[in-house]
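Participant: the sequence and its predicted three-dimensional model are supplied below.
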Amino acid sequence: MQSERFEKPSEASPYINVTPLIDVLLVLLIIFMVISPLRPSRFETKIPSEPDEIPAELNIHTLVVTINQDLSLKLNGIEGLGTTNDPGKLSAKLVDVFRERKANHVYDKTMANLPENERVLRSVFIKAPRSVRYGEITKVIDSLKGAGANPVGLQIDDLN
């Protein structure tokens, strides 16, 4: 009785003919083998020319926070603005700078369609030697963001 239940001679058994699939696969393989040598085999690069000896002029509105080896902070050469562990003086100085910029209408030219409060130029760059741990730099980034700086850029040039 059980053997009758499993045998159904009236149904066709499933059978997948893979021969056409193998033919298609071989044709694709041949096409890729023929095309692959036609790809360009060289990669051209352009080496930058030697920089001019004339230093680039720094915009008078550029704000650069420098982190020294002893973790003290400077803003555009002004020293005594705290350390990475206590950047409160730096934040207070930046708030004053941004307030003066708003009063003097120092705006970012790329943000002409925004309200006046959002157009104030608040870009700040952080310059730190490579030996300073990134955790110390993130403390400074947090204090700059708290003071209203946006965007904050990182710079590692000319420091050991």
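Facilitator: Perfect, thanks for sending it.

Participant: residue ranges for the helices of the chain, please.
Facilitator: Under the criterion DSSP state H, the chain contains helices at 2-6, 19-35, 88-103, 116-119, 134-147.

Participant: wait, which of the ones you listed is closest to Ile60?
Facilitator: Each of the helices of the chain has some distance to Ile60 by CB to CB; the shortest is helix 88-103, at 11.5 Å. C-beta coordinates here come from the backbone N, C-alpha and C atoms, glycine included.

Participant: in the closest one, what's buried?
Facilitator: By neighbour count, with 16 or more other CB atoms under 10 Å as the criterion, the buried positions of helix 88-103 are 89-91, 93-94, 97-98, 101-102.

Participant: how about the helices of the chain in a markdown table, adding mean pLDDT and distance to Ile126?
Facilitator: A markdown table is the format used below for these (pLDDT from 0 to 100; distance: least, CB to CB, whole Å):
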| stretch | mean pLDDT | distance to Ile126 |
| --- | --- | --- |
| helix 2-6 | 55 | 76 |
| helix 19-35 | 90 | 49 |
| helix 88-103 | 86 | 11 |
| helix 116-119 | 73 | 22 |
| helix 134-147 | 87 | 6 |
